[in-house]
Structures are given as structure tokens and as C-alpha cells.
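1. here is my input, please return the structure:
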Amino acid sequence: MTSLRVILFLLLQILNVYSFDFGINLENSFFEIEIDRDHPDKLYKDFEDFIVKYKRTYKDEIEKKFRFQQFVQTHNSVQEMNKKSAELGHSTKFGHNQFSDRSKEEITSLYTKVAPEKNPNLPVLTKNNFRVKRQLDNLPKNFDLRDKKIGGRVVISDIKNQGTCASCWVFAATGLAEVALSVYHKKTIVSFDLINTLTYIFQTLSDQEVCDCATKPETTACMGGQPEDGLEYIKQMGLSVAEKYEYNVTRANLTGQCANEKHARELKPNTLGYYKLDEFNAAYLMTRHLYNYNIPVAVAFRTSYTFNYYEGGVLELPLCDDEEKEHWHSGIIIGYGTEKNETTGKKANFWIFKNSWDKDWGEEGYGKIVRGEDWCNIESHVKGARIDEHIIPSN
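-> Model (predicted):
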């Protein structure tokens with residue numbers, strides 16, 4: 001009985017202090033959640049299970065109380081977002097994950113505050129670069145680079161984890177470059193002999209090198225950036241393999257760590273060409289880039305801390321509109337498709353987004369984001385790359 005009173009007290013304190021702004025009034029919303037209204041102790045049990053699952057340790061009871069408050073706030077937010085999604089006929093699902101006990105400030109620290117700039121000197125990929133007779137007619141309705149293999153190995157590397165660092169831009173750049181390198185090597189193998197065909201084995205490239213070396217002396221990768229920053233470094237200096245230069249989030253928060261001279265160049269300097277996709281035809285060009293080249297595109301988009309709780313389905317809610325300040329996130333698009341909502345029968349076109357928040361986020365580390373509507377500017381700042389100089393667009 002005593003523990004239940006403590007729990008009720010905590011919950012009442014939380015409701016008095018915290019609210020979530022998503023265009024929905026969440027005042028006293030905890031007691032509107034039917035599953036917990038008669039059993040407030042269940043939520044505390046869920047929190048205890050969360051602690052075990054994610055191996056959380058808190059320094060004292062004060063911090064544990066604070067983390068429980070964040071967990072309840074997350075619970076309320078997730079419930080309301082799922083409700084809103086269902087009302088709109090969306091398939092999107094939100095749920096608890098590794099971020100559920102983190103504050104809004106901690107979560108938004110994962111995002112860069114650096115808005116993408118329009119670089120007038122960057123080559124532009126346009127529809128003229130694709131000589132096709134039937135335009136989109138000859139594209140498959142669904143395409144996923146996770147189904148593509150080179151040398152018996154899928155061309156998309158495993159899901160990575162940037163940790164507590166705003167280094168998403170780094171993972172976007174290396175994720176794009178490592179596939180471009182793999183596709184290039186496949187094209188340069190002219191022999192049909194099995195041994196020669198398997199000469200090149202897909203290599204995961206070093207995110208840590210980009211963190212250490214692509215930033216200014218007084219800054220760190222965790223202060224944020226854009227995929228273009230990483231691609232420019234890779235273009236000039238090449239890149240080593242991740243196995244020899246592994247990612248370390250503590251190191252990524254430090255300055256003066258560049259050690260590229262100690263590691264061989266898997267991707268050679270001055271061989272990668274990168275460019276932006278014409279934003280007026282971005283959706284078409286993104287699908288063409290994926291299908292024709294078998295290479296992802298890097299994207300940057302506006303978002304908020306609610307994006308962290310995406311669990312599945314096609315993300316259509318405008319999560320970029322619930323913040324006073326702009327926050328940006330980056331990753332790569334590795335495919336596209338169309339999904340039918342089993343409840344409403346509504347179809348939604350989507351991009352397949354590869355995130356860098358481990359497999360606990362979304363659908364095993366991937367997400368489906370609505371396609372063709374420039375959701376939160378996701379189709380406005382798109383970068384492509386290839387190691388094949390004759391196709392790099394020129395102005």
C-alpha cells in the first residue's frame with residue numbers, strides 16, 4: 001500500500017509539472033489513458049522493466065524519480081501520437097524505446113542545429129541526366145537496396161549507433177560513400193571468373209575518421225553538421241575502413257583527434273564525386289538514383305524529439321511543426337515503396353530511411369517516411385555520390 005501511495009504521489013507531481021505540446025492538450029491526460037487509470041502501479045512496473053531491459057543505473061533516488069517522470073511523459077506522448085495517427089487514418093505507430101527516460105533537452109541534443117545551406121557551387125543532378133523513354137513507368141513500385149548484393153554481401157551495412165552525439169551527418173556521408181565504393185568495384189570487375197567476381201568484399205567505412213578529421217579544429221562532430229561536410233572530406237582525403245578506425249562516442253566529443261595518416265585509404269582521395277539533386281524534381285530523381293545507380297541518397301530534414309519514438313508504419317505526422325526551434329537530422333534513403341493501411345485501405349507512398357540509432361528505433365533501425373510530399377523538407381536537401389566521374393553532373 002505504501003509503494004502504491006508513492007507511485008500515485010509521483011504521478012500527480014508529474015502531471016503538475018510536465019506537459020507535451022503536439023497541438024493536443026495533455027493536461028491530466030494520464031488519467032484519460034484507460035489501461036492505467038485503475039492501475040497506476042502498472043506504469044511503474046513498466047518503468048522497472050525498462051530499467052532492466054536497457055541496463056539503466058541511476059546515481060540516486062532523485063535521478064530515478066526524474067527518469068520516471070520522463071518515462072511517464074513519454075508514455076503520454078506515445079499514447080496521444082498513436083491516437084492522432086489513427087484518427088488521421090495513418091499506419092504510423094509510436095512506442096517506448098531506449099530514449100523513454102530521457103528529457104526533451106537530452107533527446108534534441110542528438111540533432112544538429114545546423115540548417116542545410118544551399119551551395120551554389122555544387123553540381124546538380126537533373127532529369128536530363130537520365131535518358132529514359134517512359135520516365136517513371138519503367139521503375140518498380142517497390143525497391144530496396146537491402147535486397148542487392150555484391151560479392152555475396154548486401155550492399156547496405158548493418159545499422160549503426162551514433163550514441164549521445166549529434167553525428168548523424170557523419171553516418172549519412174559514410175553510408176552513402178561505402179555503397180558508392182562497392183558499386184564502383186563491381187563495375188570494374190570485367191572477368192566472369194568466380195574468384196575475380198568476389199575480389200572486392202564490401203567494406204564498412206570509418207565514421208570515426210570523419211568525426212575526427214572533417215570538423216574544424218575548435219569543433220567536434222557532436223556539435224552537428226551536414227552530410228555535405230562529410231562528403232567533402234571524403235572526396236579530398238578518401239576514407240579508411242571502420243574495422244581499423246572504430247567509432248567511439250567519447251572520442252567523437254573531443255577535438256584534435258584526427259589520425260587519418262595512420263590508416264590505409266580504402267576509398268582513395270579524389271575519386272568520390274558528390275552532388276545535389278534538383279529539389280524541384282527531387283522525388284523523381286531520388287527514385288531514379290536508387291534504381292539506376294543502386295546507390296542511396298543522403299538527406300537532411302527538420303524534426304523534433306517525438307521522432308525518436310517512431311516504431312513502425314509510414315510516418316506522415318508533421319513532427320517538424322511542434323518545436324519553437326529548428327532541429328535537423330540526417331541519414332540515407334535506401335529504397336522506396338507503397339504500403340496499404342490494413343484498417344483504412346488507404347495507400348501511402350514512402351521512402352525507406354536508414355537511421356543511426358541502433359536497431360531499437362523504428363523497424364529494426366529503419367523507418368518508412370511519406371514520399372513525394374517533402375515531409376519536413378526531406379526532399380529539399382538531397383545529396384548523391386558516385387565514383388564514376390563521367391556521370392557527375394556539371395553545370
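2. hey, where'd the strands end up in this structure?
-> For the chain, the strands defined by DSSP state E occupy 93-94, 124-125, 143-144, 149-150, 153-154, 273-277, 297-303, 310-312, 314-315, 327-340, 347-354, 366-370, 383-386.
3. now those strands as JSON lines including distance to residue 46?
-> All C-beta atoms are positioned from the backbone trio N, CA, C, and that covers glycine. Below are the strands of the chain laid out as JSON lines (distance: least, Cβ to Cβ, whole Å):
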{"stretch": "strand 93-94", "distance to residue 46": "15"}
{"stretch": "strand 124-125", "distance to residue 46": "47"}
{"stretch": "strand 143-144", "distance to residue 46": "34"}
{"stretch": "strand 149-150", "distance to residue 46": "40"}
{"stretch": "strand 153-154", "distance to residue 46": "35"}
{"stretch": "strand 273-277", "distance to residue 46": "43"}
{"stretch": "strand 297-303", "distance to residue 46": "26"}
{"stretch": "strand 310-312", "distance to residue 46": "15"}
{"stretch": "strand 314-315", "distance to residue 46": "24"}
{"stretch": "strand 327-340", "distance to residue 46": "27"}
{"stretch": "strand 347-354", "distance to residue 46": "28"}
{"stretch": "strand 366-370", "distance to residue 46": "24"}
{"stretch": "strand 383-386", "distance to residue 46": "41"}
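4. got TSV for the ones you listed, with mean pLDDT too?
-> Compiled in TSV, the strands of the chain are given as follows (pLDDT from 0 to 100):
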stretch	mean pLDDT
strand 93-94	96
strand 124-125	94
strand 143-144	98
strand 149-150	85
strand 153-154	86
strand 273-277	96
strand 297-303	95
strand 310-312	96
strand 314-315	96
strand 327-340	96
strand 347-354	97
strand 366-370	98
strand 383-386	97
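5. and of those strands, who's closest to residue 164?
-> Ranking the strands of the chain by proximity to residue 164 (Cβ to Cβ) places strand 327-340 first, at 14.6 Å.
6. which helix in this protein runs the most residues?
-> Using DSSP state H, we find that the single longest helix of the chain is helix 61-87.
7. that one packs against which elements?
-> helix 2-17, helix 40-53, strand 93-94 (3 or more Cβ pairs under 8 Å, 6 or more residues apart in numbering; DSSP states H and E).
8. report the contact partners of the residue most central in space within the chain.
-> The centre of the chain sits closest to residue 355, judged by Cα atoms, centre = their mean, with a distance of 2.7 Å. Counting by Cβ atoms under 8 Å, 6 or more residues apart in numbering, residue 355 makes contact with 159, 331, 361-362, 365-367.
9. from the residues you listed, which would you call buried?
-> 159, 331, 361-362, 365-367 (16 or more other Cβ atoms under 10 Å).
10. thinking again about what came up before, for the residue nearest to the centre of the chain, which non-adjacent residue is closest in space?
-> Spatial nearest neighbour of residue 355, excluding adjacent residues (Cβ to Cβ, 6 or more residues apart in numbering): residue 331 at 5.2 Å.
11. about what we covered before: the residue nearest to the centre of the chain and residue 364, how far apart?
-> 10 Å (Cβ to Cβ, to the nearest Å).
12. shared neighbours of these two, anything?
-> With Cβ under 8 Å, 6+ apart as the test, residue 355 and residue 364 both reach residue 159.
13. can you pull the contacts of residue 351?
-> So residue 351 contacts 286, 333, 335-336, 368-371, 378 (Cβ under 8 Å, 6+ apart).
14. which residues does residue 291 contact?
-> 139-140, 143 are the contacts of residue 291 under Cβ under 8 Å, 6+ apart.
15. oh, that last question was meant for residue 379, not what I typed.
-> Neighbours of residue 379 in contact, by Cβ under 8 Å, 6+ apart: 279, 282-283, 286, 299, 372.
16. now, which of those sits nearest residue 51?
-> Among the contacts of residue 379, and counting by Cβ to Cβ, the member closest to residue 51 is residue 299, at 34.5 Å.
17. re the thing from before, spit out the contact partners of the residue nearest to residue 355.
-> 168, 171-172, 175, 298-299, 353-356.
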